[in-house]
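Student: Take a look and give me a structure for this.
(one chain, ligands or ions: 2)
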Amino acid sequence: MIAIDQAKESAEQIGSLGRTVRMVRRLTFSAGHRYWRAVLSKEENVALFGTIASPYNHGHNYVLDVEVEGQVDESNGMVVNIKVIDDIVRRSVIERYHNKSINDEVPEFADRAPSLENMLESLWQEIDPLLPSEVSLTQLRLEEMPTLFGEKTMTDTLVKLTRVYEFAASHRLHADALSHEENLRLFGKCNHIHGHGHNYTLEVTVAGTPDPVSGMMCPLDQLDEIVEKTILKRYDHRNLNLDLPEYEGRNTTSEVVALQIFDDLKAAIETEISAGSFGSAHLYRVRVHETARNIFEVTN
Ligand SMILES: [Zn+2]
Ligand SMILES: [Zn+2]
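Tutor: Ligands and ions are numbered 1, 2, ... in the order given. Below is the predicted model of the structure:
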């Protein structure tokens, strides 16, 4: 009793009592997969999966982030012992997926497309029931490539898919409503009259429900085409202030750029992505990385 009281006392001192902490454990595995149903003809497979249909495997070095949340245990200062998470992950992910052909060797994908969307759903159902009661699974993030990852969170039934793009552009930070001195004071060297440039990274996230047969919520090649046409082709190697009419008279801060990109992409995705054999998807989030240290996010 005394020991518990002492532990509570020390927890109160560090302010951990009753507060939750989220923890992420990252793991990697390599696996092969294919988008192809043997029962269908070549034409039917192409109609179902689009340009990625193939009877042969390709592979990915997957990166899985397992995020759990719980209260700090006053007796040991931990949310959960990381060895417990590692053991669950080894049994439910590594031993089942690593160096395997997902279609052929992971039973739940014998008749189910091994898309990021379906894999996230499946991994959630594998990992969640195995976790000890003191933690809850709050998010899984599964990366197929640095330019494509999916997320499933506890608070949202929709799966999210993110594509990552790049463009290089110049701009000048300048607010017409302010004086020369005020602009200089506010924006410093970013107000230099001839401008400066960035290698921007653009993350485009769609959320939706996958089609039960194709396993996909959105044809990625169509999404790529929309982003290319709407944003990249127009922004890349351009001056945002001078080349793009939507920024005329506006200050091209990344806040303004992120909002503009979100609105333009939202409209294009709504009108141009054809459902076909895919589920439903809408624009959920846009992130603009102006530099590695400046990141701006707009959500639906
Ligand atoms: Zn793949
Ligand atoms: Zn800048």
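Student: Just list the residues touching residue 229, thanks.
Tutor: residue 268 (C-beta atoms under 8 Å, 6 or more residues apart in numbering). Every C-beta, even on glycine, is put in place using the N, C-alpha and C of the backbone.
Student: so after the longest helix seen in the chain, what's the next helix or strand?
Tutor: For the chain, the helix with the greatest residue count under DSSP state H is helix 254-272. Next in sequence after helix 254-272, counting helices and strands by DSSP states H and E, comes strand 280-291.
Student: Who does that following strand pair with, and is each partner parallel or antiparallel?
Tutor: The pairing partners recorded for strand 280-291 under DSSP bridges are strand 196-209 (antiparallel), strand 294-299 (antiparallel).
Student: closest to residue 117 out of those?
Tutor: strand 196-209 (8.4 Å; C-beta to C-beta).
Student: ok, and for the closest one, which residues are buried?
Tutor: 198, 200-208 (16 or more other C-beta atoms under 10 Å).
Student: Just list whatever residues bridge to residue 198.
Tutor: residue 169.
Student: thought it was touching residue 292?
Tutor: No - Residue 198 is beyond contact range of residue 292, at 10.4 Å (criterion: C-beta atoms under 8 Å).
Student: coming back round to it: turn the strands paired with strand 280-291 into CSV, columns for mean pLDDT.
Tutor: Below are the strands paired with strand 280-291 laid out as CSV (pLDDT from 0 to 100):
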stretch, mean pLDDT
strand 196-209, 96
strand 294-299, 97
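Student: Please, where are all the helices along the stretch 101-250 of the chain?
Tutor: With DSSP state H, counting those that start in this stretch as the criterion, the stretch 101-250 of the chain has helices at 102-105, 116-127, 180-187, 220-227, 233-235, 240-243.
Student: just those: most buried one?
Tutor: Ranked by mean neighbour count, the helices of the stretch 101-250 of the chain are led by helix 116-127 with a mean of 21 (mean count of other C-beta atoms under 10 Å).
Student: Next, the angle strand 280-291 makes with that helix.
Tutor: Put simply, helix 116-127 runs at 90 degrees to strand 280-291, going by axes from the mean of the first three to the mean of the last three C-alpha atoms, to 10 degrees.
Student: what residues are up against the residue nearest to residue 202 when sequence neighbours are not counted?
Tutor: Spatial nearest neighbour of residue 202, excluding adjacent residues (C-beta to C-beta, 6 or more residues apart in numbering): residue 165 at 4.6 Å. Taking C-beta under 8 Å, 6+ apart, we find residue 165 in contact with 147, 201-204, 227, 231-232.
Student: what does residue 158 give?
Tutor: 207-209, 284.
Student: could you measure the residue lying closest to residue 123 once chain neighbours are set aside against residue 74, distance?
Tutor: Of all residues not flanking residue 123 in the chain, residue 140 sits nearest, at 5.8 Å (C-beta to C-beta, 6+ apart). The spacing between residue 140 and residue 74, counted by C-beta to C-beta, to the nearest Å, is 28 Å.
Student: With neighbour numbers in mind, choose between those two.
Tutor: residue 140 (22 against 18; other C-beta atoms under 10 Å).
Student: sorry, back to before: of all the helices of the stretch 101-250 of the chain, which one is nearest residue 31?
Tutor: Across the helices of the stretch 101-250 of the chain, closest to residue 31 is helix 102-105 (C-beta to C-beta), at 5.3 Å.
Student: what pLDDT does the closest residue to residue 82 other than its chain neighbours get?
Tutor: The shortest distance from residue 82 to any non-neighbouring residue, by C-beta to C-beta, 6+ apart, is to residue 25 (6.5 Å). We have a pLDDT of 96 for residue 25.
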